[in-house]
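> Sequence plus the predicted model coming up.
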Amino acid sequence: MPKKLIYILAFESSCDDTSVAVLCKEPNDDLPKLVSLAVQNQDEVHAKYGGIVPELASRAHLVNLLPCLRKALTEAKLKIEEVSLICAAAEPGLVGSLLVGHTAAKTLAFLYKKDFVSCHHIEGHLHSILLTERPSFPLVSLVVSGGHTSLYELSSVYEWRLLGQTLDDAIGEAFDKGAKSLGLGFPGGAELEILAKSGDNLGYKFPSVKVGEFDFSFSGLKSEFMRILVREAELVNHQNLAASYQKALFDHLESRLRNGLESTGCLNLAIVGGVAKNQELRSRLEGLKSEGLIANFWAAKPEYCTDNAAMIGMTGYLRWSQGFRSELSDDVRSTHRPKLKKLSRG
Ligand code: KG4
Ligand code: ZN
């Protein structure tokens, strides 16, 4: 009997992006491929507040979800009846936001009697690399996004352990706050990167951050940025400040990453999440090859860096293929499950 195609329908709504994707696993392939992806951001809804307003995010997900579902299914020329697995991000994230995509996915799984898998959003980011790449393991993976900054060691696509994470803000949040204060749009990471290109990154001095060797902390750099803006007032050079701030954020990120790489002895590095779109960061990390700290470097494709359902479909498939299924009574969670172990040296 010919082996059949496995279609996966995935939902992502953990923060402010509503997304639905269809993936297909062909019998002779190791992993599913992306067939269609619909992503609707809510930048306009939140721009005037300079940050995400949770209640507005949940309401916008309600408006955006069905059009995204229709678009993904239409582009894939697929009926829900043909799907084998439905999956959705269930944690971590904004509870009201997560509820929208997760409940829609569970409802369809119930109506169409399909397998259902609740997914971990960060695991989705870690797996986003598999949409285009086949990295080697063990792999150290840096997640840099609007809501998260964390470093993981993956022994395989199924096994990951937390090495360190931010004690306060995520690096994307630090980019967005800086961008807002310079009068750029929201989210402003990409615009800040462009502004920084024409600036002198030694124009302003930022202190080095003193935290544990695997921890990240960006709140002090954010405060220093604000202090410089107030101190310099009209004299402030926006390009130089953007360039110096970006350098300070990346210096700190890289120092923790180096500790993680050295302590694990891992020579394979991947970078995922929205801030992984940053060209300066990509080339900086690529440069670690020349000093022999890493042998291989992979960065998620820019369109799969920010939140999207394609990465959730990959995670859902991997868990499902291991035999994992979620109950339809499963609920969403705002924080990480406590099973993650932190690394300590010595
Ligand atoms: O992965 P993502 O959608 O957020 C979460 O999952 O939390 O990433 C969004 C973040 C925003 O903070 C945005 O400013 C940042 O990624 N970002 C960038 C760049 N492009 C997006 N930050 C720095 N440089 C960029 N080029
Ligand atoms: Zn994310």
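Cool, the structure landed. Ligands and ions are numbered 1, 2, ... in the order given.
> Am I right that residue 40 is in a strand?
Yes. Assessed with DSSP: H, G, I helix; E, B strand; the rest coil, residue 40 lies in a strand.
> In space, what's closest to it - neighbours in sequence excluded?
residue 64 (4.2 Å; CB to CB, 6 or more residues apart in numbering). To be clear about C-beta, it is placed using only N, CA and C from the backbone, and glycine gets the same treatment.
> Residues of the stretch 201-346 of the chain that sit close to ligand 1?
273-275, 277-278, 306-307 (CB under 6 Å from any ligand atom).
> What residue in the stretch 51-200 of the chain comes nearest to ligand 2?
The minimum distance from the stretch 51-200 of the chain to ligand 2, using CB to the ion, falls at residue 145 (4.4 Å).
> related to what we said a few turns ago, just the residues of the stretch 201-346 of the chain next to ligand 1: which are in helices?
Using DSSP state H, no member of these falls within helices.
> hmm, which two among those residues are most spread apart?
278 and 307 (16.2 Å; CB to CB).
> do you know how far the residue of the stretch 201-346 of the chain found nearest ligand 2 is from residue 317?
Nearest to ligand 2, among the residues of the stretch 201-346 of the chain, is residue 307, at 4.4 Å (CB to the ion). Going from residue 307 to residue 317 by CB to CB, to the nearest Å gives 18 Å.
> between these two, which one's more packed in?
Using other CB atoms under 10 Å, the more surrounded residue of residue 307 and residue 317 is residue 307, with 28 against 25.
> need the contact list for the residue of the stretch 51-200 of the chain found nearest ligand 1.
Closest residue of the stretch 51-200 of the chain to ligand 1, CB to the nearest ligand atom: residue 189 (2.2 Å). Residues near residue 189 by CB atoms under 8 Å, 6 or more residues apart in numbering: 146, 172, 175-176, 179, 274-275, 277-278.
> repeat for residue 184
Per CB under 8 Å, 6+ apart, neighbours of residue 184: 191-192, 195.
> show me where the stretch 151-300 of the chain has strands.
Assigned by DSSP state E, counting those that start in this stretch, the strands in the stretch 151-300 of the chain fall at 160-165, 268-272, 296-299.
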